[in-house]
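> can't give you the sequence, but here's the structure:
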């Protein structure tokens, strides 16, 4: 396609956009009363930007004051594994720091807690001598508990935490999951956790068993983790120790659920942590131990039968779930599994528009979602930000004159347990802006910095990138930008979604959207499968075309679990003009009149028009409804979507194994009649 043809397409897009904006600016500004958010039983999450931040956030959740705290390295697990029992004994949190310095966030937390004494777990390799000096500078007395190795350190911890005990738990000291499974229970009950090798009982462990007066031990882990020979060695000690129980499963997750099912926990709440790494569960166990709450360990991907069964049982009994760690540790998809039990959780992304009533308009859009909101939606994406026309990487926002509006909106949405991901769009006034910014390393870096600043200022959960109207040559730069952005945001547990134009492979003017390359650097790729018909009457999102887009995406090797299918909530009313250069004008309309029957009739909906003109409704091959009517303006042809056509599109979710939907937009669902229809379809297919 030559440059002139492509330029005409750009102008057509812009003409359509501005026509739509003029129409929608007529929407009434309704008074909005901020109401108390409805009570919704959903999953909570405690996390920070790093594992050290997460441990601090756990501490803040559990302690307003702590005279004594426990400190371990976040770099390796052996010395820290048994510290939960000590933390419970001193009624303080278990915090994590780097091995070579006291992390600033930990120092601040110790100040907040008013801590006077800190137990350091492990030798100077685990926690350097400089950390002791840093603690002293804060007026805190350090006390180091360490042995020659992890077995000796565990013994030293047990001597302080439980000077006498007839019972003990014995776990493999070279692995961490089994210790994490038992830690909150052991802490709550004041039972020491000691370490062993898989096939030989360490001398340090044998010695402390005798000192504490232990006569019975429980082994945690199967025979591949702690061999039967350990039981024989325990029985032959000078003060024999009897193995009374072994909790074991096929892997660490089955062992975890065996512990959780066999022991007596308070399961009104269940804490959830990754079983792939130790820091979050270790710090979390100190909090869980305060209430004898279990910690469920889960893998990164598919859950095993025992974990699924445990979740189902606790969900059915009304347990609340709290996740330790951000989305980089336990993914958003896995959170949905925990919350709903869905084998293939699907995301519901809903866009809001700020030009239609400002803050109140957007808040009204979110309020149109029934309660509980999480039955119908996951993410709210407000259209807030644009690339500035200076093309230097600067961002401008629609509400910058009243910045508190951003925070008000975010707080309201998050109070409904939904996530807020603001949208940043390319400039509509100067389409070449995105080309210029993407091509400049300096401008990209500035843009990323501004995105991060904006997200932090409003406490956003991530970002949606919606850059359109760019040249094909910008494609590699766009991919590089997404790579750089994702590298910054993903470690901070922020979601990254990119909205991309729909491709079937034939659109040479859209080659800048390299689906497989972009998909590597996003959590979700929202493919905007709508606005199919432009110059003449036709469906907004015909099913066969949407399927072709998904097929093309699949053939490109994209992980389809990352793909969100575009769903339009609106239709288009086409009017014949008699003008050969522009034979049709178009007006966007919702299923019903916006905001109810008292609203401006110019914003009338499809159902009202059908009733007013007694128009018969037909359906095309995609099950998309359409009808005609005539008024003083001329002859109209109207295409729209309803429950039947939306349901047909939703069939693509299973056909292609998609991650969910990205719906444009909540503005069109503001009428309660539209809302009831739209959200019933979403719940049926996504939940």
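Great, that's in hand. Predicted model only: the values in this text are computed from it and were never measured.
> got a list of what the residue lying closest to residue 438 once chain neighbours are set aside touches?
Nearest-residue entry for residue 438: residue 477, 3.8 Å, with adjacent residues in sequence omitted and distances by Cβ to Cβ, 6 or more residues apart in numbering. All C-beta spots, glycine's among them, are computed from the backbone N, C-alpha and C. Listed by Cβ atoms under 8 Å, 6 or more residues apart in numbering, the contact partners of residue 477 are 438, 439, 444.
> what's the mean pLDDT across the helix or strand hosting the first one?
Taking DSSP states H and E as the definition, one finds residue 438 inside helix 433-439. Mean per-residue pLDDT for helix 433-439: 95.
> same deal with stretch 171-184?
Stretch 171-184 comes out at a mean pLDDT of 91.
> distance between the ends of it?
End-to-end span of stretch 171-184 (Cα to Cα, to the nearest Å): 14 Å.
> picking up where we left off before, next helix or strand past the helix holding residue 438?
Using DSSP H and E, the helix or strand that follows helix 433-439 in sequence is helix 441-458.
> list the contacts of that next one.
By Cβ under 8 Å, 6+ apart, helix 441-458 touches 385, 387, 391-395, 397, 403, 406-407, 410, 420, 422, 424, 436-438, 460, 462-463, 477, 480-481, 484-485, 488-489, 494.
> quick one: which of those sit in helices?
406-407, 410, 436-438, 477, 480-481, 484-485, 488-489 (DSSP state H).
> nearest to residue 516 among those?
Residue 516 has its nearest neighbour among the ones in helices among the contacts of helix 441-458 in residue 480, at 14.8 Å by Cβ to Cβ.
> so what's the residue count around the closest one?
16 (other Cβ atoms under 10 Å).
> now stretch 328-344: buried residues?
Buried residues in stretch 328-344, counted by 16 or more other Cβ atoms under 10 Å: 328-340.
> wait, which of these is closest to residue 65?
For the buried residues of stretch 328-344, the nearest to residue 65 is residue 329 (28.3 Å; Cβ to Cβ).
> surely that closest one is within a helix?
No. Read with DSSP: H, G, I helix; E, B strand; the rest coil, residue 329 is coil and lies in no helix.
> who's in contact with it?
Here residue 329 is in contact with 47, 274, 277, 280, 493 (Cβ under 8 Å, 6+ apart).
> and the fourth one, that's in a strand?
No. With three-state DSSP as the criterion, residue 280 is located in helix rather than a strand.
> strands along the stretch 251-400 of the chain, start to end?
269-274, 295-298, 320-324, 347-353, 379-387, 395-397 (DSSP state E, counting those that start in this stretch).
> cool, the stretch 1-150 of the chain as well?
44-46, 68-73, 94-97, 117-121, 141-145.
> so what's the closest residue to residue 421 other than its chain neighbours up against?
Of all residues not flanking residue 421 in the chain, residue 462 sits nearest, at 4.3 Å (Cβ to Cβ, 6+ apart). By Cβ under 8 Å, 6+ apart, the contact list for residue 462 reads 379, 419, 421, 455, 489, 494, 495, 496, 497, 523.
> may I have the beta-bridge partners of residue 462?
residue 495 (DSSP bridges).
> which one of the contacts of residue 477 sits closest to residue 115?
If you rank these by distance to residue 115 using Cβ to Cβ, residue 444 comes first, at 42.8 Å.
> the closest one and residue 450, how far apart?
11 Å (Cβ to Cβ, to the nearest Å).
> same thing with residue 624?
Residue 624 is 40 Å from residue 450, by Cβ to Cβ.
> between the two, who's got more neighbours?
The neighbour count for residue 624 versus residue 450, taken as other Cβ under 10 Å, is higher for residue 624 (25 against 18).
> nearest residue to that one in space, please, no chain neighbours.
In space, and not counting its chain neighbours, residue 624 is closest to residue 539: 4.1 Å by Cβ to Cβ, 6+ apart.
> name the element the one you found belongs to?
Using DSSP H and E, no helix or strand contains residue 539.
> got the contact list for it?
Contacts of residue 539 (Cβ under 8 Å, 6+ apart): 532, 533, 620, 622, 624, 626, 639.
> for the closest residue to the third one other than its chain neighbours, give its distance to residue 530.
Distances taken as Cβ to Cβ, 6+ apart place residue 539 nearest to residue 620, at 6.1 Å, with adjacent residues excluded. Distance of residue 539 to residue 530, given as Cβ to Cβ: 10 Å.
> then residue 408?
30 Å.
> more crowded one of those two?
Neighbour count, other Cβ under 10 Å: between residue 408 and residue 530, residue 530 has more, with 22 against 17.
> wait, is that one part of a helix?
No. Counting by three-state DSSP, residue 530 is not part of a helix but coil.
> local confidence estimate at it?
At residue 530, pLDDT is 93.
> cool, and residue 37?
Looking at residue 37, its pLDDT reads 37.
> one more: the one 3 residues further on?
In the predicted model, residue 40 carries a pLDDT score of 33.
> re earlier: write the PyMOL selection for whichever of the ones in helices among the contacts of helix 441-458 are buried.
Listed next is the PyMOL selection for buried residues among the ones in helices among the contacts of helix 441-458, using 16+ other Cβ under 10 Å:
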select buried, resi 406+410+436+437+438+477+480+481+484+485+489
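> pipe the ones in helices among the contacts of helix 441-458 into CSV and attach distance to residue 143 per row.
Compiled in CSV, these are given as follows (distance: Cβ to Cβ, whole Å):
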residue, distance to residue 143
406, 46
407, 43
410, 43
436, 59
437, 54
438, 55
477, 55
480, 50
481, 50
484, 45
485, 44
488, 39
489, 39
